[in-house]
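Asker: Based on what follows, work out the 3D shape:
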Amino acid sequence: MLNCLRRERFSFYWGDVVVSTYDEGHTVAGWTGTAIATVGSCVLGLGICTTSALVVTAGSAVVAVSVLVTWVLHLTGWGKPPGVRPVGEWPMRERDRSARAGHPECVGCRLAGRGRRVGRAGAAASVRSVAVAAEAVPERV
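Answerer: The predicted structure is shown next:
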């Protein structure tokens, strides 16, 4: 199993760049949702400072929209499934091909009527996928 707390397993060199060996989930869905939520939080804070119920409501609405936008982007394949992905799927432009069928144990997919709960057979499959993902992490050169 990959131990991300140990420095020698945490990064490797790719040319002159130090690359993290942890799937941090930097995705289009994550960054878009974060940007919209940041704007909504700023508007919400402005409403609190100016004691304007209208601005507070608008900021809260923008934060709620950020959740919906992130969810829709996740369902269209621009997010990531729960757990660690293989190294080849880490780039931000890499789309998640399994999103249409739904991810096991993914609350967002279950809310959309996709995916299924993992039973005993699925649990073994998810353990195997984590093991495969851990093997896909390149060693430090």
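
Asker: how about the strands in this protein?
Answerer: 11-14, 17-20 (DSSP state E).

Asker: Worst mean pLDDT among those?
Answerer: Among those, strand 11-14 carries the lowest mean pLDDT, at a mean of 52.

Asker: ok, residue 112 - how many residues close by?
Answerer: Residues near residue 112, counting by other Cβ atoms under 10 Å, number 15. C-beta here means a position set from N, CA and C on the backbone, and glycine is covered the same way.

Asker: Tell me the pLDDT of it.
Answerer: 87.

Asker: and if you look at residue 132?
Answerer: pLDDT, residue 132: 48.

Asker: Wait, residue 63 touches residue 44, no?
Answerer: Yes. At 6.7 Å, residue 63 counts as touching residue 44 under the criterion of Cβ atoms under 8 Å.

Asker: Which one of those two is surrounded by more residues?
Answerer: Taking other Cβ under 10 Å, residue 63 and residue 44 do not tie; residue 44 has more neighbours (20 against 17).

Asker: can you pull the contacts of the more buried one?
Answerer: Shown in contact with residue 44 (Cβ atoms under 8 Å, 6 or more residues apart in numbering): 55-56, 59-60, 62-63.

Asker: who wins for most neighbours among the residues you listed?
Answerer: That'd be residue 59 among the contacts of residue 44, by other Cβ under 10 Å, with 21 neighbours.

Asker: Does it touch residue 46 like I think?
Answerer: Yes. Judged on Cβ under 8 Å, residue 59 makes contact with residue 46 at a distance of 7.1 Å.

Asker: Give me the common contacts of those two.
Answerer: Common neighbours of residue 59 and residue 46, counting by Cβ under 8 Å, 6+ apart, are absent.

Asker: Spell out, range by range, the helices that occur in the protein.
Answerer: 7-10, 28-49, 53-73, 107-111, 120-135 (DSSP state H).

Asker: and the ones you listed, which one is worst for confidence?
Answerer: Sorting the helices of the chain by mean pLDDT places helix 7-10 lowest, at a mean of 45.

Asker: any idea of the pLDDT on residue 92?
Answerer: 79.

Asker: What count of nearby residues applies to it?
Answerer: Neighbours around residue 92, by other Cβ under 10 Å: 11.
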